[in-house]
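# sequence and predicted structure, then a few things I'm wondering about:
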Number of protein chains: 2
Amino acid sequence: MSKGNLFIVSGPSGTGKGTICNELLKYDDIFLSVSVTTRNKRNDEVDGVTYFYDTVDGFKKRIDNGMMLEWAQYGDNYYGTPKDVVEAKLAAGINVILEIEVQGALKVKAQMPEAVMIFVVPPSMEELYSRLVNRGREEKSEIAKRIAIANGELLKASVYNYIVINDKLEESVNEVRQIIDDRKKQMEFIRGLIDASERLI
Amino acid sequence: MSKGNLFIVSGPSGTGKGTICNELLKYDDIFLSVSVTTRNKRNDEVDGVTYFYDTVDGFKKRIDNGMMLEWAQYGDNYYGTPKDVVEAKLAAGINVILEIEVQGALKVKAQMPEAVMIFVVPPSMEELYSRLVNRGREEKSEIAKRIAIANGELLKASVYNYIVINDKLEESVNEVRQIIDDRKKQMEFIRGLIDASERLI
């Protein structure tokens, strides 16, 4: 059995990258990495599904033991990607998707340079702006802040291998599915060459 | 005018990556980076075309001044990629291809993470083996050594974004041309989003 491949999905808030990733969970060979957090579990959340929940001390121990692929602190709470779960899934032949922001993505890429980087963008910034307004969750000033953050993320987009323009959800899901399949074929071909080269040496 | 994009082309010896890169020179918007070397100029070589030639002292000064994107020493001679030339071409809107081995490629990628990495492989290792034999340049023991080096390079192939299987030269050239064009379109789309986000902030 061949190893799974690692994919990092990033993109500005409101582009629908989370929806794309959740749609991909219908495939048995795809696992969406679950983050560890120190914030309190909400009633509708499930440990190990929404997040893994840990204490601040427990989280700090994970960092010290090199068990976090990347982590960040927002306010009083820590969030991060557990290395052991990702590695276990990959070893079991499952493709792993990390849906993380750009800073975290760069940290993971530095440790696992084989990660395939996918950046999800809206068809236009005007479209993103309307989506954020129509969600009705944020004040106008908060939306301006999100556009400013999006700007900063877009300036880093050149480090990503694939740009997925999320116009129609179904097409974007198929596009990412195709990227995952293509990578599998690539790596199997390389594996064949490696095996053949070992026979020829 | 938009900036040029950077491409790194690597692959085992004998896969024809050099021939692919030279064919791409027929396009005005593509520049193939010229290495600096300290070895003597041969009669049929042209300074600035085959290599830039420098003294050992001059080369060491370039290293100390951070002017080399990557460099390596083979025997008594130094070889490396000059940073200033690459940056000037990119700034002038020209796409730059670096044809370098895997270790050098990783060094460049660490400094210029926006580089698109292309790995050229033979259709099969048996095919590569015959090509090396038919070139008639090396002894059998030397060919075995090359296959062993190819094996080591293939083990690093997962850090590359694109795998180009060089079966028919013309198709491989078109494939790389397409990768370059796709990247240009991607980056122009991102540039449009960046500009729009600045108007919305």
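Right, received. Where do you want to start? Keep in mind that this is a model prediction, so the values were computed, not measured.

# what's the worst-scoring helix or strand of chain A on mean pLDDT in contact with?
When each helix and strand of chain A is scored by mean pLDDT, DSSP states H and E, helix A:125-135 comes last, with a mean of 90. Outside helix A:125-135, the residues within contact range by C-beta atoms under 8 Å, 6 or more residues apart in numbering or on different chains are A:12-16, A:122, A:138, A:140, A:143, A:146-147, A:150, B:193, B:196-197, B:199-200. C-beta here means a position set from N, CA and C on the backbone, and glycine is covered the same way.

# narrow those to just the buried residues.
Among the contacts of helix A:125-135, the ones that count as buried by 16 or more other C-beta atoms under 10 Å in any protein chain shown are A:12-16, A:122, A:143, A:146-147, A:150, B:193, B:196-197.

# which of the residues you listed lies closest to residue A:63?
Nearest to residue A:63 among the buried ones among the contacts of helix A:125-135: residue A:13, at 25.5 Å, using C-beta to C-beta.

# longest single helix anywhere in chain A?
What stands out as the longest helix in chain A, according to DSSP state H, is helix A:169-200.

# roughly how far is that helix from the heart of the chain?
19 Å (C-alpha atoms, centre = their mean, to the nearest Å).

# look up how far residue A:30 lies from the residue most central in space within chain A.
Central residue of chain A (C-alpha atoms, centre = their mean): residue A:99, 2.0 Å from the mean position. Separation of residue A:99 from residue A:30 (C-beta to C-beta, to the nearest Å) stands at 12 Å.

# got the residues of chain A near chain B?
Counting by C-beta under 8 Å from any C-beta of the partner chain, chain A comes close to chain B at A:106, A:109, A:113-114, A:116, A:121-122, A:124-126, A:129, A:144, A:147-148, A:150-151, A:154-155, A:157-159, A:161, A:163, A:165, A:186-187, A:189-190, A:193-194, A:196-201.

# just the buried residues of these.
Here, 16+ other C-beta under 10 Å leaves A:106, A:109, A:113-114, A:116, A:121-122, A:125, A:129, A:147, A:150-151, A:154, A:157-159, A:161, A:163, A:165, A:186-187, A:189-190, A:193-194, A:196-197 buried among these.

# my guess is residue A:47 contacts residue A:40. True?
No: at 11.6 Å, residue A:47 and residue A:40 do not qualify as touching, with contact defined as C-beta atoms under 8 Å.

# neighbours of residue A:136, how many?
6 (other C-beta atoms under 10 Å in any protein chain shown).

# please apply the same query to residue A:110.
Quick note: residue A:110 (other C-beta under 10 Å) scores 13 neighbours.

# give the contact list for it.
Contacts of residue A:110 by C-beta under 8 Å, 6+ apart: none found.

# that one - that's part of a helix, no?
Yes: under DSSP: H, G, I helix; E, B strand; the rest coil, residue A:110 sits within a helix.

# show me the contacts for the nearest residue to residue A:11 once chain neighbours are set aside.
Setting aside the residues directly before and after it, residue A:11 is nearest to residue A:120 in space (C-beta to C-beta, 6 or more residues apart in numbering or on different chains), at 3.4 Å. Neighbour list for residue A:120: A:9-11, A:15-17, A:20, A:164, A:166, A:172 [criterion: C-beta under 8 Å, 6+ apart].

# in strands, which of the residues you listed appear?
A:9-10, A:164 (DSSP state E).

# closest to chain B among these?
residue A:164 (10.3 Å; C-beta to the nearest C-beta).

# quick one: residues contacting that closest one.
By C-beta under 8 Å, 6+ apart, the neighbours of residue A:164 are A:11, A:20, A:118-121, A:172, A:175-176.

# make sure residue A:85 is indeed in a strand.
No: looking at residue A:85 with three-state DSSP, it is helix, so not inside a strand.

# can you report how many residues neighbour it?
The number of residues packed near residue A:85 is 19, by other C-beta under 10 Å.

# quick check: it touching residue A:36?
No: at 9.1 Å, residue A:85 does not count as touching residue A:36 under the criterion of C-beta under 8 Å.

# now do the contacts for residue A:176.
A:7, A:9, A:20, A:24, A:118, A:164.

# how does it look with 7 Å?
Residue A:176 is in contact with A:20, A:24, A:118, A:164, counting by C-beta atoms under 7 Å, 6 or more residues apart in numbering or on different chains.

# next: residue A:41.
Applying C-beta under 7 Å, 6+ apart, one finds that residue A:41 lies in contact with A:47, A:53.
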